[in-house]
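J.: Could you look at this predicted model? Sequence included:
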Amino acid sequence: MTYQVILPAAGQGKRMGAGKNKLLLELNGIPVLIHTLRVFEQDEACSNIIVAIHPQDEAEFKALFTKYNVAKAIRLVPGGKERQDSIYNALRTVEIDGVILVHDAARPFISQEHINSLTKMAEETGAAILGVPVKDTIKKVIDGVVVETVERSSLWAVQTPQAFRISLLTEAYERAEKDYFLGTDDASLVERLGHPVSVVEGDYDNIKLTTPEDLYFAEAILEKRKRLDQGKK
Ligand code: CTP
Ligand code: MG
């Protein structure tokens, strides 16, 4: 079974503070955008990649696709004001058939294994997201004072990819637009329809590069992978 993927890449990277889209920053000499793209390019089950980009990045992104020989057909769509707008622009270009993944271009460490298990789950249930159990104790704080310690055993930090039957995600986006609802992830739009969203356990390496210190974690993850690869040789 094949799937398509939307990679939202049209952000500004404000919290990274690099003065440019953080996806252009390099890890091991390769831009973050290319690290993420390669995972899907190398996956035979991935039939179509749609990248939402900011018009100001278009020329630079296109040059990178050429430089790094990205061979798989990539469809570029203009991003929108919010992440949700970018994804909706991409979703509108897709034929309603099968499963679609939405994956933040800023998460370059997604593993093939988790893409497979997530896609399989979405085929079965219509909606599936990757997540990991929360490790910290989480408290609800208002005006600097704790109002509640939330029971941790049921808390999960959710990641991307998030995978959906295309018809279901389209319905969710249409409904969100009609209601002026802005969610922080795609699953929250589907949840509003009352459709159950399955959670597949991912791993803690699948970080989103958000603030400068995430780059240190990213280097460490790359080092770990290099050591593992060397061990296999
Ligand atoms: N994104 C997008 N369109 C937007 C905003 C974000 O396609 N209008 C993408 C980003 O490029 C990123 C992903 O959504 O790959 C997750 O967003 P985030 O981590 O918030 O990235 P930025 O919006 O770029 O960063 P910041 O919020 O710090 O400006
Ligand atoms: Mg953002």
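T.: Received, thanks. Ligands and ions are numbered 1, 2, ... in the order given.

J.: CA atoms only for stretch 214-224 - export them in CSV, please.
T.: Taking C-alpha atoms only, stretch 214-224 is exported to CSV below (Å, rounded to 0.1, in the frame of the first residue of the first chain):
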residue,chain,number,x,y,z
ASP,A,214,17.7,21.5,19.6
LEU,A,215,20.7,21.6,17.3
TYR,A,216,22.9,20.1,20.0
PHE,A,217,20.5,17.3,20.4
ALA,A,218,20.4,16.9,16.6
GLU,A,219,24.2,16.6,16.5
ALA,A,220,24.1,14.0,19.2
ILE,A,221,21.5,11.9,17.4
LEU,A,222,23.5,12.0,14.2
GLU,A,223,26.7,10.9,16.1
LYS,A,224,24.7,8.0,17.6
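
J.: do it and ligand 1 meet at all?
T.: No: figure legend: stretch 214-224 not in contact with ligand 1 (CB under 6 Å from any ligand atom); closest approach 9.7 Å. Where C-beta positions appear, they are placed from N, C-alpha and C, glycine not excepted.

J.: Buried residues, that stretch. List them.
T.: Burial within stretch 214-224, assessed by neighbour count using 16 or more other CB atoms under 10 Å, is assigned to Asp214, Leu215, Ala218, Ile221, Leu222.

J.: distance of the third one from Ala90?
T.: So that's Ala218. Ala218 sits 25 Å away from Ala90, going by CB to CB, to the nearest Å.

J.: Check the fourth one too.
T.: Using CB to CB, one gets 27 Å for the distance from Ile221 to Ala90.

J.: follow-up on the earlier one: redo the buried residues of stretch 214-224 as JSON lines? Include pLDDT and secondary structure.
T.: Converted to JSON lines, the buried residues of stretch 214-224 look like this (pLDDT from 0 to 100; DSSP: H, G, I helix; E, B strand; the rest coil):
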{"residue": "Asp214", "pLDDT": "98", "secondary structure": "helix"}
{"residue": "Leu215", "pLDDT": "97", "secondary structure": "helix"}
{"residue": "Ala218", "pLDDT": "98", "secondary structure": "helix"}
{"residue": "Ile221", "pLDDT": "97", "secondary structure": "helix"}
{"residue": "Leu222", "pLDDT": "96", "secondary structure": "helix"}
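
J.: Regarding the closest residue to ligand 1 within the chain, what is its secondary structure?
T.: The chain approaches ligand 1 most closely through Gly11 (2.0 Å), counting by CB to the nearest ligand atom. Following DSSP: H, G, I helix; E, B strand; the rest coil, we place Gly11 in the coil state.

J.: Provide the contact partners of stretch 181-190 at residue level.
T.: Here stretch 181-190 makes contact (CB atoms under 8 Å, 6 or more residues apart in numbering) with 82, 84, 87, 102, 127, 129, 158, 160, 162, 164, 168-169, 172-173, 175-176, 192, 197.

J.: my bad, should have said stretch 69-88
T.: 6, 8-11, 34, 37-38, 40-41, 46, 48-55, 58, 61-62, 64-65, 89-90, 93, 102, 173, 176-177, 182-183, 186, 189.

J.: and stretch 50-65, what's its mean pLDDT?
T.: Mean pLDDT, computed over stretch 50-65, is 97.
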